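Participant: Got a predicted structure plus its sequence, pasted below:
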Number of protein chains: 2
Amino acid sequence: MSELNLVFGALADPNRRQVIGYLSERETATATELTGELPMTRQAVAKHLATLADAGLVESERQGRETRYRLTQAGAEWDDRLDALVKHLQRRKRD
Amino acid sequence: MSELNLVFGALADPNRRQVIGYLSERETATATELTGELPMTRQAVAKHLATLADAGLVESERQGRETRYRLTQAGAEWDDRLDALVKHLQRRKRD
DNA sequence: ATAGTGTGCAACCGACGAGTTGCACATTAC
DNA sequence: GTAATGTGCAACTCGTCGGTTGCACACTAT
């Protein structure tokens, strides 16, 4: 599939956008850690992380018995775009 | 549903992104006209136009026996963002 | 060695989305 | 009026997606 499709498909889910937000704050996290923030099981979070990784927004590295995820450059750029977009929408709604 | 969800949900489908592109060229079009450009039935195109309208990216106006669709301001902005994004991805891939 | 913790994989389920067909209604042309 | 064109609505199929459970494997601590 084309990269654009993968990226927009990944961003279509609000939980995945939230994961991007979390990763932008914490710099790095495991699927188990993120499970504490989201109302779903670890396996569901792991699936979302896999989808984000397919889209090139997230990368993973195994350290010992845990695998830590972090935003890629593209993922960080999208976090910025999303922040800007939310503020843009709020401003438009306010006027 | 939140506006952001509606917008990203609408943009997740490549056919709908293509419809946005077509509308940015033609200024205005009917569902039947767009059917000539896409490998699907008129009703399918009409559904896509409806979800784009829900997301506020497109607006419709009935003129006689046909209803003409055009991009809203938000839709036109997204068409620009998508163009810029495609070029951004191409540039990144080339380097 | 054994228990505890973290992960990955596979199968399953329910819901939703994309697309289709069929038909009824509205508008225009003749 | 009647035929042709454009639209809208409803029901149906089918695939995918988000989420779950269950289990096996990897690593760590004691």
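Facilitator: Yes, it's here.

Participant: use CA for all of it now, contacts and neighbours both
Facilitator: OK.

Participant: ok, which stretches of chain A are helices?
Facilitator: Taking DSSP state H as the criterion, chain A carries its helices at A:3-11, A:14-26, A:31-35, A:42-54, A:73-94.

Participant: what would the ones you listed look like in a markdown table with mean pLDDT, distance to DNA strand C and mean neighbour count?
Facilitator: Output for these, formatted as a markdown table (pLDDT from 0 to 100; distance: least, Cα to the nearest atom of the strand, whole Å; neighbours: other Cα atoms under 10 Å in any protein chain shown):
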| stretch | mean pLDDT | distance to DNA strand C | mean neighbour count |
| --- | --- | --- | --- |
| helix A:3-11 | 97 | 10 | 19 |
| helix A:14-26 | 97 | 13 | 17 |
| helix A:31-35 | 98 | 4 | 17 |
| helix A:42-54 | 98 | 5 | 18 |
| helix A:73-94 | 92 | 19 | 13 |
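
Participant: how near is residue A:91 to DNA strand D?
Facilitator: Using Cα to the nearest atom of the strand, to the nearest Å, residue A:91 is found at 28 Å from DNA strand D.

Participant: If you could redo that for residue A:42, that was the one I meant.
Facilitator: From residue A:42 to DNA strand D the distance is 7 Å (Cα to the nearest atom of the strand).

Participant: quick one: contacts of stretch A:49-62?
Facilitator: With contact meaning Cα atoms under 8 Å, 6 or more residues apart in numbering or on different chains, stretch A:49-62 is reached by A:3, A:6-7, A:10, A:16, A:31, A:67-76.

Participant: mind exporting that stretch as CSV, just the C-alpha atoms?
Facilitator: Provided in CSV are the C-alpha atoms of stretch A:49-62 (Å, rounded to 0.1, in the frame of the first residue of the first chain):
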residue,chain,number,x,y,z
LEU,A,49,1.8,0.4,17.8
ALA,A,50,2.3,-2.1,15.0
THR,A,51,0.1,-0.1,12.7
LEU,A,52,1.9,3.1,13.6
ALA,A,53,5.2,1.3,12.9
ASP,A,54,4.0,0.1,9.5
ALA,A,55,3.1,3.7,8.7
GLY,A,56,6.6,4.8,9.7
LEU,A,57,5.4,7.0,12.6
VAL,A,58,6.9,4.9,15.4
GLU,A,59,9.9,2.6,15.8
SER,A,60,10.7,0.0,18.3
GLU,A,61,13.8,-1.4,19.9
ARG,A,62,14.0,-4.5,22.2
